[in-house]
Structures are given as C-alpha cells and as structure tokens.
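A.B. asks: Following is a predicted model, sequence given first.
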Amino acid sequence: MRQPPSAESQRIFAPAIMDGQVAIVTGGGSGIGLATAAELVRLGARVVICGRTREKLDAAARQLSALAGPDAVVADTCDIREPEQVEAFITRTLEHHGRIDILVNNAGGQFPAPAESISPRGFEAVIRNNLSGTFYMTRAVATAAMIPAARGRIVNVIANIYRGFPLMVHTGAARAGVENMTMTLAVEWSRFNILVNSVAPGVILSSGTERYPREAIEAAVRRCPLKRAGTVDEVAASIVFLCSPAAQYITGTTLRIDGAQSLWGDTFPIPD
C-alpha cells in the first residue's frame, strides 16, 4: 500500500483566508469533521462543531482550541435527526455569533450489511440520519442565516456511490439523495448567492473506517488505481477549497476524493 502525503504538505491555503467567517461542522467530534474543523480554525474561521456525544465534542473542542484559542471554537450537542433540536441549535449559534457563513454537513452513520438482512427499521434509521438530517440542518441554516444574508457556502459529505454501493444499500440510497439535493438547491438558492456542493470520499483512513473489517479495507485499497487510502486531511482540504474564494463559481457539483476508485475495478468482492 502506498503511503499518503503528510498533513503538512497539504496546507496550501493562505493564512487568515477564513477570517471573519463562521462555520458549522456537523459530526465535528472526530474523523473528517474534526479534520475539517481544524483546517477552518487554522485559517481564521470561528467554528461550531456539533454531534450527539458531549464527551467526544468536548475532547475535540480542546484539541481545536489549542490551535486558535477557546474563542474560536464552540461545541454544542445536536441530533440532526430531530428538527426541533436542529432549530434550537441554529438559534443558539446565531445568538452567539450573529451569522453563519459555512455549513459542512458531515454527520452521518451506517453499518455494512447485505440488503436482504437490513430490516425496515435499520433502513429507515440510516435514511433518517444521512438524508433527512442533512436536509433538516441545511434548511434551518439557509432560512435562518444564509437566505437573509444573501450569501453562504454549503458542502455535503456523501460517499463513493457511482457504481452502486454493495453491502451499503441504505446509505447508498441516502447519499444519492443528498447528491440530488445538492444539485437541486444549487439551482434554487443561486438567487441568494448560496453555493451548494458535495464531496464524495472513497476509502479514507479515519475513525469511521476503523469499524469495518481490516481485510475489507485492504481489499478496497488494492482495487484503487492510486493503491492507497485517502486521509481525513485530504478530504478536509477539498472541503475548505469549496468554501474558499477560489470556488466562487462552483456550485451544484460533487468532487470525488477517491483515487479514481469510482472509475475502475470493484470496491467489494461479490459474494458467491
């Protein structure tokens, strides 16, 4: 397996490029969300991370505060599956910061399973988390902050869904829905100067992939044309690019961060 580049080699953005910006990162307590929050904080943004687990959020906030001081970071609990919690979270954020410029919809969750073994309740749980929750947060931020201000950047974190998603039919369906939502809102909200994009990570070494069988991850990496997994810092850099002034004319698109895996070979072997 090839080794990924160091995190330091990926820091290409101008210092203070995000000065004055307020960003929400859902699922910001670990993995891609935490790496994205860290990059935004380094570049001058004030970041609000949210999730369901207070202990994880507090640990992440301490890590982020070490980069830019405690005033740059707020950690708040919010279950994106519950519209009332989302509305209350957005209200608290606006009371604290007065604005929301960036929303990174990173929160989500799923479990690997063949389709025939996924119960209706299990399927609905993943749809509610990955699709419905993303819409609840997006709509709340847009109506309360971005539409009134006539500006905003929204980046949705989906997945490599481009040749189906074997053993992940629930999240494949949800993430495909989010990609369509990305395109739809990019058009609908263009009149408000809100840019809406997605990133589609492939096999990324993170706290999320640690839950999957090691042999499955190694097999997926072998099938990747670049012959390595990606890193959370690489995904974070792509997200920050879409939030930056360099991407002012990009909306409604999905950036695939997968080492060309969506173009070649199978991700998972087909069971006999």
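C.D. replies: Received, thanks.
A.B. asks: CA only for contacts and neighbour counts going forward, please
C.D. replies: Fine.
A.B. asks: And Arg153, how far from Leu43?
C.D. replies: 16 Å (CA to CA, to the nearest Å).
A.B. asks: Among the two, which residue is more densely surrounded?
C.D. replies: Taking Arg153 and Leu43 together and counting by other CA atoms under 10 Å, Arg153 has the greater number of neighbours (23 against 20).
A.B. asks: The more buried one and Asp101 touch, don't they?
C.D. replies: Yes: the criterion here is CA atoms under 8 Å, and Arg153 meets it with Asp101 at 6.3 Å.
A.B. asks: Mind listing the shared neighbours of those two?
C.D. replies: The overlap between the contact sets of Arg153 and Asp101 (CA atoms under 8 Å, 6 or more residues apart in numbering) is empty.
A.B. asks: So for the helix or strand of the chain with the lowest mean pLDDT, what gets flagged as buried?
C.D. replies: Taking all helices and strands of the chain together, the one with the lowest average confidence (mean pLDDT, DSSP states H and E) is helix 214-222, at a mean of 79. By neighbour count, with 16 or more other CA atoms under 10 Å as the criterion, the buried positions of helix 214-222 are Ile217, Ala220, Val221, Arg222.
A.B. asks: Adding distance to Gly27, write the residues you listed out as TSV.
C.D. replies: Supplementary listing: the buried residues of helix 214-222 in TSV, determined by distance: CA to CA, whole Å:
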residue	distance to Gly27
Ile217	22
Ala220	25
Val221	25
Arg222	29
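A.B. asks: Quick check: the farthest pair among those?
C.D. replies: Ile217 and Arg222 (8.7 Å; CA to CA).
A.B. asks: and the top helix by length along the chain, what does it pack onto?
C.D. replies: In the chain, with assignment by DSSP state H, the single longest helix is helix 169-188. Other helices and strands packing on helix 169-188, by 3 or more CA pairs under 8 Å, 6 or more residues apart in numbering; DSSP states H and E, are helix 120-127, strand 194-201.
A.B. asks: With mean pLDDT, distance to Ala237 and mean neighbour count as extra columns, can I get these in TSV?
C.D. replies: As requested, these are arranged in TSV below (pLDDT from 0 to 100; distance: least, CA to CA, whole Å; neighbours: other CA atoms under 10 Å):
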stretch	mean pLDDT	distance to Ala237	mean neighbour count
helix 120-127	94	27	16
strand 194-201	98	11	25
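A.B. asks: Including distance to Leu34, could those go into CSV?
C.D. replies: What follows is those, written out as CSV (distance: least, CA to CA, whole Å):
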stretch, distance to Leu34
helix 120-127, 21
strand 194-201, 15
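A.B. asks: closest one to Gly172 among these?
C.D. replies: Go through those one by one with CA to CA and the one that ends up closest to Gly172 is helix 120-127, at 9.4 Å.
A.B. asks: where exactly do the helices run in the chain?
C.D. replies: Using DSSP H, helices in the chain cover 31-42, 54-68, 83-97, 120-127, 133-141, 147-149, 169-188, 214-222, 232-243.
A.B. asks: Now the terminal residues of stretch 257-266, how far apart.
C.D. replies: End-to-end span of stretch 257-266 (CA to CA): 16 Å.
A.B. asks: quick one: that stretch to chain centroid distance?
C.D. replies: 19 Å (CA atoms, centre = their mean, to the nearest Å).
A.B. asks: just stretch 166-179 next, same as before
C.D. replies: Distance, stretch centre to chain centre, for stretch 166-179: 15 Å (CA atoms, centre = their mean).
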